[in-house]
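J.: Build me a model:
(one chain, ligands or ions: 2)
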Amino acid sequence: MKKILFVTSEAHPLIKTGGLADVCGSLPKALAELSNDIKLIIPNYQALKTSENVRFLCSVRVDNRNINILETRIPDSNVIVWLVDYPAYFNYPGNPYVDEKGEPWTNNAERFGLFCRIAVEASMDRIYQDWKPDVVHCNDWQSGLVPAFLSLEHDRPSTVFTIHNMAYQGLFPASTAALLNLPGQLWHPAGLEFHEMVSFIKGGLVYADHITTVSPTYALEIQTPEFGYGLEGLLDHRKEFLGGIINGIDLDQWDSETDPLITQPYTAATLNKKHFNKSALQARFALPVNDNIPLFGLIGRLVEQKGIDLILECLPEMVNLNMQFVLLGSGDKNFEKQLKKLALEHPDKIAISIGYDEALAHLIEAGADIFLMPSRFEPCGLNQMYSQRYGTIPIVRKTGGLADTVTDTLPETLANHTASGIMFTEAGSGALLEAIKRALILYSIPETWKKMQLNAMKKDFSWQNSAEQYLALYESL
Ligand code: ADP
Ligand code: GLC
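T.: Numbering: from 1, shown residues only. Ligands and ions are numbered 1, 2, ... in the order given. As a prediction, this is how the structure comes out:
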């Protein structure tokens, strides 16, 4: 049994902006089920919601400030959560990273710098709870300073740093080094400095005992200039301590058999009931309700990573085909504007919902026939796994976790019962459109389509396997 402190800036259902929350809300539960003693530490944002009791745990003094730590649980689990309660930094409307207007908090370095300091105090049991972890598992740049600070401590726990996305590095002006009181041992080009900036992510990449990322393919990709953003050299240097462990999915939340957020639950054996969800989805988006029209869905942050520009280039051609397209997402205002314009021009084919809507995300996974995920890069990606679980065939680009979790439909993969999606390689609208047409041909052959759906639904995306890999890693440290 290991004692693990899991450090994260988001965890579903407490607070979520993307897949990081899904993973940090479900992996700890899976580790606890393997009888580990795991606690989560996370900032107490104003937007954080919990159905569980919250109690005062202790107060700790850091950087001349008194900070409270509160204690609660991940809802419907036994996993303890420590909330870092510092209202001057966290008690504002908005999400963990941006304010209500979508602008990054101007004091993000101080906010997450302080969060890291508190996580270090908890790691060293200087909060006097008689609990010192064996392993401190950090996630993404917001927790990057933890392995760096811990490297200066004697008798410290082992550290693991998981990269969920190399595109976000927590880069701040050099003056931040003084603001955060960074010790001289850490503030140099082989440490936290990156091109005369303070880099939070380097704290994890340089100082953690082991680095993981969320798929084996992405672990290789980030060692190249295209995906490494200037850190590929460092990652290559540390490659002996770098590996990929694919994310699992939380079957308590994402299972078409038990999902309370969809219109009609179904299983592989009752796949004929899936279409009730399609009708509900078409009605919800005021599209013609017709089971014979192939329905494409997309859910996600509207950012370049997700290949939204490729979708925008394809849609004018797609509307000439027999199809419908629904999208749920928010992000880049320019993408939002262009998508809305297309929906206005083709109200019977394209429908867009701008915003964040948990229930609608579930209905799209259940109701769509085909899920579009043409990402330019994708460290793991969760929606393509949810889609397969729901018998909704994903179209994905061959990158990162998409390449690792979807099996392209080819004569040989149909023959060996593994075909579960459509994959294309080149990041261009021509290649995407070809994949879309390929999907439509397969959709028009019901026996083949059903085979693909059943292959997809029987895949095992549960956490079991991956949680065991994390455990083996903790044990090796
Ligand atoms: P990323 O973490 O890069 O955003 P993932 O595929 O790993 O991508 O995870 C995204 C998660 O966020 C999924 O659970 C997805 O359903 C959810 N999500 C993204 N955008 C929205 C939205 N607008 N409304 C509801 N859920 C969303
Ligand atoms: C990041 C990545 C996504 C991954 C998620 C959870 O947000 O963009 O691919 O699935 O983290 O690891």
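
J.: can we go C-alpha only for contacts and neighbour counts from here?
T.: Will do.

J.: Need the per-residue pLDDT for residue 323.
T.: Residue 323 is assigned 98 on the pLDDT scale.

J.: next one: residue 63
T.: So residue 63 comes in at 88 (pLDDT).

J.: Stretch 301-315 spans what distance, first to last residue?
T.: 18 Å (CA to CA, to the nearest Å).

J.: Just checking it against ligand 1, any contact.
T.: Yes: residues of stretch 301-315 contacting ligand 1 under CA under 6 Å from any ligand atom: residue 301.

J.: Buried ones in that stretch, by neighbour count?
T.: 301, 302, 303, 306, 307, 308, 309, 310, 311, 314, 315 (16 or more other CA atoms under 10 Å).

J.: Just put those residues in TSV and tack on pLDDT, distance to residue 94 and secondary structure.
T.: Shown next, in TSV, are the buried residues of stretch 301-315 (pLDDT from 0 to 100; distance: CA to CA, whole Å; DSSP: H, G, I helix; E, B strand; the rest coil):
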residue	pLDDT	distance to residue 94	secondary structure
301	95	16	strand
302	96	18	strand
303	94	19	coil
306	98	23	helix
307	98	26	coil
308	98	24	helix
309	98	27	helix
310	98	29	helix
311	98	29	helix
314	98	33	helix
315	98	32	helix
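
J.: Just put those residues in JSON lines and tack on distance to ligand 2.
T.: Putting those into JSON lines (distance: CA to the nearest ligand atom, whole Å) gives the following:
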{"residue": "301", "distance to ligand 2": "9"}
{"residue": "302", "distance to ligand 2": "12"}
{"residue": "303", "distance to ligand 2": "10"}
{"residue": "306", "distance to ligand 2": "9"}
{"residue": "307", "distance to ligand 2": "12"}
{"residue": "308", "distance to ligand 2": "14"}
{"residue": "309", "distance to ligand 2": "17"}
{"residue": "310", "distance to ligand 2": "17"}
{"residue": "311", "distance to ligand 2": "18"}
{"residue": "314", "distance to ligand 2": "23"}
{"residue": "315", "distance to ligand 2": "24"}
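
J.: Can I get the residues you listed in JSON lines including distance to residue 269?
T.: JSON lines is the format used below for the buried residues of stretch 301-315 (distance: CA to CA, whole Å):
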{"residue": "301", "distance to residue 269": "33"}
{"residue": "302", "distance to residue 269": "35"}
{"residue": "303", "distance to residue 269": "37"}
{"residue": "306", "distance to residue 269": "33"}
{"residue": "307", "distance to residue 269": "34"}
{"residue": "308", "distance to residue 269": "34"}
{"residue": "309", "distance to residue 269": "37"}
{"residue": "310", "distance to residue 269": "35"}
{"residue": "311", "distance to residue 269": "33"}
{"residue": "314", "distance to residue 269": "35"}
{"residue": "315", "distance to residue 269": "34"}
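
J.: ok, so of those, who is nearest residue 155?
T.: residue 301 (41.3 Å; CA to CA).

J.: For stretch 281-288, which residues meet the burial criterion?
T.: 281, 282, 285, 287.

J.: Show me the two of the residues you listed that sit farthest apart.
T.: So, the buried residues of stretch 281-288 by CA to CA: farthest apart are 281 and 287, at 8.5 Å.

J.: where exactly do the helices run in the stretch 201-350 of the chain?
T.: 216-221, 225-228, 232-237, 274-284, 308-318, 333-345 (DSSP state H, counting those that start in this stretch).

J.: now the following helix or strand past the longest one: mean pLDDT?
T.: This means helix 333-345. Later in the chain than helix 333-345, the nearest helix or strand by DSSP states H and E is strand 350-354. Taken as a whole, strand 350-354 carries a mean pLDDT of 98.

J.: Kindly reformat the helices of the stretch 201-350 of the chain as JSON lines containing distance to residue 125.
T.: Putting the helices of the stretch 201-350 of the chain into JSON lines (distance: least, CA to CA, whole Å) gives the following:
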{"stretch": "helix 216-221", "distance to residue 125": "32"}
{"stretch": "helix 225-228", "distance to residue 125": "35"}
{"stretch": "helix 232-237", "distance to residue 125": "31"}
{"stretch": "helix 274-284", "distance to residue 125": "50"}
{"stretch": "helix 308-318", "distance to residue 125": "45"}
{"stretch": "helix 333-345", "distance to residue 125": "45"}
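
J.: of all those, which lies closest to residue 195?
T.: helix 232-237 (13.5 Å).

J.: mind showing which ranges of this protein have poor pLDDT?
T.: Within the chain, no stretch has pLDDT under 70.

J.: Could you pick out the residues of it near ligand 2 for me?
T.: By the rule CA under 6 Å from any ligand atom, the part of the chain lying against ligand 2 is 18, 19, 20, 23, 164, 165, 214, 378, 379, 380, 381, 382.

J.: Great, nothing more from me.
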